[in-house]
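1. quick check, what structure comes out for this input:
(2 chains, ligands or ions: 2)
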Amino acid sequence: MKANRFWSWAFLALGVLYFALPLIGTFEFSMKMRRGVYSLDAYWAVLADPRFQATFTYSVMMALATIVVGVLLVVPTAYWVRLKLPGWRPYLEFVTLLPLVIPPIVIVFGYIRLYNTSSWLPLTGTALGTNILLMFGYVVLSLPYMYRAVDTGLRAIDVRTLTEAAESLGAGWLTIMWRVILPNVLVAVLSGAFLTFAIVIGEFVLAALLNRPAFGPYLQLIGANRAYEPAALAVIAFAITWGCMALIQVVSRFAPRAPTQPH
Amino acid sequence: MSDQFLSIRQVRKAFGPTVVVQEFNLDVKQGEFVSFLGPSGCGKTTMLRIVAGFEEPSVGQVFIGGKDVTRLKPNQRNIGMVFQAYALFPNMTVAGNIGFGLKVAGKPAAEIRSRVAEMLELIKLPDFGNRYPYQLSGGQQQRVALARAMAPRPQVLLLDEPLSALDAKVRVSLREEIRTIQKELGITTVFVTHDQEEALSMSDRIVVMYDGRAEQVGTPFEIYNRPATRFVAGFVGTLNVIEGTIADPAAGVVTIAGGEISVGNRVAGRKAGEALSLALRPEAIALGRREGRDGLVTGTIREVSFLGSVIRVRVDMGGALVSLDTFNSPASPPPVAGERAEISFSSSDMLILDR
Ligand SMILES: Nc1ncnc2c1ncn2[C@@H]1O[C@H](COP(=O)(O)OP(=O)(O)OP(=O)(O)O)[C@@H](O)[C@H]1O
Ligand SMILES: [Mg+2]
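-> Ligands and ions are numbered 1, 2, ... in the order given. A predicted model of the protein is given here:
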């Protein structure tokens, strides 16, 4: 019994070290820009860099657009499949998992082939077109997380009966979506949104190959040319991701509570 | 069809090859309370959902207030529906739930507020407006669901086993409450249940359903005392079925378990020697001879069970077991199993089951 305890703790400690040591090392290194003392100079340098501000703003905007389009695509689809086409759920689940299996580089080469300037829909010809293409790429990348989050949210409520109750009270499709379904899966949607945000902020391959001024390629550029700033950026990126995770925890406190259901 | 408010005409519904409802006809008057009663899977919910518009009939029509609504969507029918699973919107307060239908209809806020307050009074939860569904008991949730369904003044109220998820005490009190509210508002109501006591105690009329058909439509009194078919007789209440043979159709004499009884002119025109099923409610049979009872048979007591105010006795009559109820009186000793006993009944209480 005692030995058992000891080994559990030992493995836990090992796990913590494995994850924490590189972070601590990076953080420590990021503060060594000024010789001899710890300082936040590297952070100031990064934050003051106009390219940081520009790329970060660009990526935040892309993340927001991705979230809006992703929600508009996934919530009605998942709702409809649950309500009317339950037999299709396994197929939909399979399709939403594909982005985890197909490498982003394959996706982006596919895009470039399909939408290049000599194609039927020359999206890559303009900056706006490429932005739209990139955003749809992000929607695809975040699909597995968004779909799963929303589907879990829908499972927690009795979609069919709530829909029928609203219909019998005279509500149309849009009212049902907006006033009944969405508010009840809002927390699930938000956790999907924060995951999407974290993914988009750190994404490199799609943005680099479509040649858009996003945060990911900037990280890479700085990493290749500077010593202390990349460490600071890595810490900032981690902080953003963790912030998103923390927000997921916070919003889930505010989930509408399901009432007692009859057995 | 002047005062027929809700009319169901020749409705048939099939899911693929399985026919779930067939040859269903019903007229419900304005303000009437009609129950669909039947065993599980007989098509009650399906028929109700056809009236609500959630299912489209394969054949037939539904009229509400003289208007053909067969092809209308549920949100265009102006119906109120109460579900077994309450189905309150978890994200809205009680007041938000009750006001939902009015809000959807675009009513002004002041009107919604006063109607919600009125409905909260009606369901006796005046101070519950700001609560959320998860803060309510099952019975309270179902009352809110009832108020929500009625707030927009629907033409027809549809309830699908609204009480079956509640415990026995709440069920009985809510049953009475629903009936009171329904009478007060005079709303035409269809109530689905598989609980005969519920149907008998609440309804103006009952539709007994079996295998997708309406076996009998009638008042609770008619359904209980004059069941039209063997199924209805057996499903509603306890029933003793005794097989007999017609001895003399003209005189109305039937042989049962070695004895002879007279059933008056009710077998007139049939052939002598024809087999026949007779039925008697336990409360129509007495132990021992009684004044004015013309049926008398002898048998052996097989089983005696004490049910509180009554004692149920099972008597073997030449192979057929018959249940009867006698009042429990502390002064007289209860019947004993194994004894011979005479039982008596009025032949006019006897039901003749044709099909
Ligand atoms: N969507 C459907 N597809 C196929 N069959 C169905 C469908 N809905 C109902 N049925 C079948 O129709 C029959 C009647 O169902 P229904 O729900 O109307 O019964 P019910 O009388 O309400 O029973 P219960 O008392 O158990 O609620 C059942 O055999 C059921 O399996
Ligand atoms: Mg049912």
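2. report the rounded mean pLDDT for the longest helix belonging to chain A.
-> Criterion DSSP state H: the longest helix present in chain A is helix A:50-83. In this model, helix A:50-83 carries a mean pLDDT of 93.
3. same check, this time on stretch B:284-293
-> On average, stretch B:284-293 scores 84.
4. picking that back up, any buried residues in the longest helix of chain A, and which?
-> Buried residues in helix A:50-83, counted by 16 or more other Cβ atoms under 10 Å in any protein chain shown: A:52, A:55-56, A:58-59, A:62-63, A:65-67, A:69-71, A:74-75, A:77-79, A:81-82. For the C-beta atoms, the positions are set from N, CA and C on the backbone; glycine is no exception.
5. check those residues one by one and keep those near ligand 1.
-> When Cβ under 6 Å from any ligand atom is applied, no member of these is adjacent to ligand 1.
6. before we move on, the earlier item: what is the subsequent helix or strand relative to the longest helix of chain A?
-> helix A:89-101 (DSSP states H and E).
7. the following helix or strand past that next one: how far from the chain's middle?
-> Sequence-wise, the next helix or strand downstream of helix A:89-101 (DSSP H and E) is helix A:104-115. Helix A:104-115 sits 20 Å away from the centroid of its parent chain (Cα atoms, centre = their mean, to the nearest Å).
8. B:Leu321 belongs to a strand, doesn't it?
-> Yes. B:Leu321: assigned to a strand according to DSSP: H, G, I helix; E, B strand; the rest coil.
9. burial count for the nearest residue to it once chain neighbours are set aside?
-> Among residues not flanking B:Leu321 along the chain, B:Arg314 sits closest, at 5.4 Å (Cβ to Cβ, 6 or more residues apart in numbering or on different chains). For B:Arg314, the count of nearby residues is 18 (other Cβ atoms under 10 Å in any protein chain shown).
10. quick revisit: okay, the angle between the longest helix of chain A and helix A:89-101?
-> Per axes from the mean of the first three to the mean of the last three Cα atoms, to 10 degrees, the angle that helix A:50-83 makes with helix A:89-101 is 160 degrees.
11. where does pLDDT dip in the stretch 101-250 of chain B?
-> For the stretch 101-250 of chain B, applying pLDDT under 70 flags no range at all.
12. for ligand 1, see how far away whatever residue of the stretch 1-150 of chain A ends up closest to chain B is.
-> Closest to chain B within the stretch 1-150 of chain A is A:Leu83: 11.8 Å, counting by Cβ to the nearest Cβ. Here A:Leu83 is placed at a distance of 13 Å from ligand 1 (Cβ to the nearest ligand atom, to the nearest Å).
13. ok, now which ones touch that residue?
-> With contact taken as Cβ atoms under 8 Å, 6 or more residues apart in numbering or on different chains, A:Leu83 is in contact with A:Val159, A:Arg160, A:Thr163.
14. so B:Pro249 touches B:Val267, yeah?
-> Yes. Using Cβ atoms under 8 Å, B:Pro249 is in contact with B:Val267, at 5.1 Å.
15. more crowded one of these two?
-> Under the criterion of other Cβ under 10 Å, the comparison of B:Pro249 against B:Val267 puts B:Val267 first, with 23 against 19.
16. what residues of stretch A:223-236 count as buried?
-> In stretch A:223-236, counting by 16+ other Cβ under 10 Å, buried: A:Arg226, A:Tyr228, A:Glu229, A:Pro230, A:Ala231, A:Ala232, A:Leu233, A:Ala234, A:Val235, A:Ile236.
17. pull up the distance across it, start to finish.
-> In stretch A:223-236, first residue to last residue: 14 Å (Cα to Cα, to the nearest Å).
18. ok and the residue in the stretch 101-250 of chain B nearest chain A?
-> For the stretch 101-250 of chain B, Cβ to the nearest Cβ, closest residue to chain A: B:Ala165, 2.8 Å.
19. what is the neighbour count of that residue?
-> Count around B:Ala165 with other Cβ under 10 Å applied: 20.
20. helix/strand/coil for it?
-> From three-state DSSP, the assignment for B:Ala165 is coil.
21. ligand 1 versus that one, what's the distance?
-> Taken as Cβ to the nearest ligand atom, the span from B:Ala165 to ligand 1 is 12 Å.
22. is it true that that residue touches B:Ala85?
-> Yes. Applying Cβ under 8 Å, one finds B:Ala165 in contact with B:Ala85, separated by 7.1 Å.
23. does B:Thr255 count as helix, strand or coil?
-> Of the three states, B:Thr255 takes strand according to three-state DSSP.
24. please report the distance of it from B:Glu243.
-> 10 Å (Cβ to Cβ, to the nearest Å).
25. equivalent analysis for B:Thr193, please.
-> 31 Å.
26. give me the neighbour count for A:Gly172.
-> 13.
27. in terms of secondary structure, what does the host helix or strand of A:Leu21 contact?
-> Applying DSSP H and E as the criterion places A:Leu21 in helix A:2-30. Contact analysis of helix A:2-30 by 3 or more Cβ pairs under 8 Å, 6 or more residues apart in numbering or on different chains; DSSP states H and E lists helix A:229-252 as its packing neighbours.
28. is chain B contacted by the helix it packs on?
-> No. Using Cβ under 8 Å from any Cβ of the partner chain, helix A:229-252 stays clear of chain B, with a minimum separation of 14.0 Å.
29. over to stretch A:56-75?
-> No. Using Cβ under 8 Å from any Cβ, stretch A:56-75 stays clear of chain B, with a minimum separation of 14.6 Å.
30. and the contacts of that stretch?
-> Counting by Cβ under 8 Å, 6+ apart, A:131, A:134-136, A:138-139, A:142-143, A:146-147, A:150, A:177, A:181-182, A:185, A:189, A:192-193, A:196-197, A:200-201, A:203, A:207, A:212-216, A:218 sit against stretch A:56-75.
31. quick revisit: so which of the contacts of A:Leu83 is the most crowded?
-> A:Thr163 (24 neighbours).
32. is it in contact with A:Arg179, as I believe?
-> No. A:Thr163 is not in contact with A:Arg179 according to Cβ under 8 Å; the separation is 11.7 Å.
33. out of the buried residues of stretch A:223-236, which comes closest to ligand 1?
-> Among those, A:Ile236 lies closest to ligand 1 (Cβ to the nearest ligand atom), at 54.2 Å.
34. hmm, that closest one is touching A:Trp44, no?
-> No. With contacts counted by Cβ under 8 Å, A:Ile236 stays clear of A:Trp44, the gap being 12.0 Å.
35. one step back: from the chain's centroid, how far away is the next helix or strand after the helix holding A:Leu21?
-> Sequence-wise, the next helix or strand downstream of helix A:2-30 (DSSP H and E) is helix A:41-48. Helix A:41-48 sits 26 Å away from the centroid of its parent chain (Cα atoms, centre = their mean).
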